[in-house]
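# coords please:
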Amino acid sequence: MKVLICGKGGSGKSTITALLAKSMAKKDYNVLVVDSDESNFGLHKQLGLDMPEDFMNYLGGKKTLGEKLMQAYQKGDTVSIFENKWQISDIPEAYAVEKENIKMITIGKIHDFGEGCACPMGALARNFLKNTETTPEDIVFVDTEAGIEHFGRGVEEGCDLVLMVLDPSYESIRLSKKISELAEKAGKPLYFILNRADKIGIQLMMETVGKNHILTSVPSNSEIFLAGFEGEELKVELPEIESVADFLISGVHF
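Numbers count the residues shown, from 1 in each chain. Okay, the predicted model is just below:
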């Protein structure tokens, strides 16, 4: 199963990704976390891992991949980056970091001033997810960049399910409507996780997005806040996250 996690900036996407990954790893799943947010340099810390080398370098780096994409676009060809299907165990060790049942890769990061856009990262993320096959014992979590550009790049095509993290804000509510439209067009089931909402916020968001598609509401947590602020590993277990993990395992969303 491949689960894409999205939302507006600051909604808590990476935190939810890390908590879900840890929960599923403890349930003996083989967990792959795909960091496809070119601007986030903190997800690996939340998982207690070192930052892996950009997976893009395995394919020659951003410039090489960008040139390959441009040549394909100019010819009107479909870009094909991988020749064969992969499983999680096929990921080259040099481009992954690992701890217990969690493996993590980073598609690519913006490292230098003026290095160009993130389009090659988006194309690679899309191709990687389409190319990766999972077994019933595997689960892949994809942490995306803020907003909806990943929908424009078609990253969701290779995923089975979309989770949107909603914080109690006008921007999140507006974004949820657009993401609902895009997920429907992509043919992917969409569910919401409310994050850091109080009683009033929960009520307002339930009225807006519809409670049938809300999986849980994760309350504010001082331990999570401090770990995130100091760049430390998340070691918190929350019943709300466990309920989402159980939902994913149940398969009722298919």
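# residue contacts, the residue lying closest to Y73 once chain neighbours are set aside?
Excluding the flanking residues, the one nearest Y73 by CB to CB, 6 or more residues apart in numbering is V79, at 7.7 Å. Yep, even glycine has a C-beta here, placed from its N, CA and C like the rest. For V79, the contact set (CB atoms under 8 Å, 6 or more residues apart in numbering) comprises 68-69, 72-73, 123, 127.
# Show me the one in the residues you listed that has more neighbours than the rest.
In terms of neighbour count, A123 stands highest of the contacts of V79 at 23 neighbours, by other CB atoms under 10 Å.
# Wait, a helix at that residue?
Yes: checked against DSSP: H, G, I helix; E, B strand; the rest coil, A123 lies within a helix.
# pretty sure it contacts K68?
No: look at A123 against K68 with CB atoms under 8 Å: they stay out of range, at 9.2 Å.
# about what we covered before: need the three-state assignment for the residue nearest to Y73.
Look at V79: counting by three-state DSSP, its state is coil.
# Show me which helix runs longest in this protein.
Longest helix in the chain, counting residues (DSSP state H): helix 170-186.
# contact partners of that helix?
6-8, 11, 147-148, 151, 156-157, 162, 164, 166, 189-190, 192, 205, 208-209.
# where along this protein do the strands fall?
2-7, 30-35, 97-99, 102-106, 138-143, 161-166, 190-195, 214-218 (DSSP state E).
# still on that earlier bit, which residues are common contacts for A123 and K68?
79, 81.
# gap between F82 and N131?
Distance from F82 to N131, counting by CB to CB, to the nearest Å: 4 Å.
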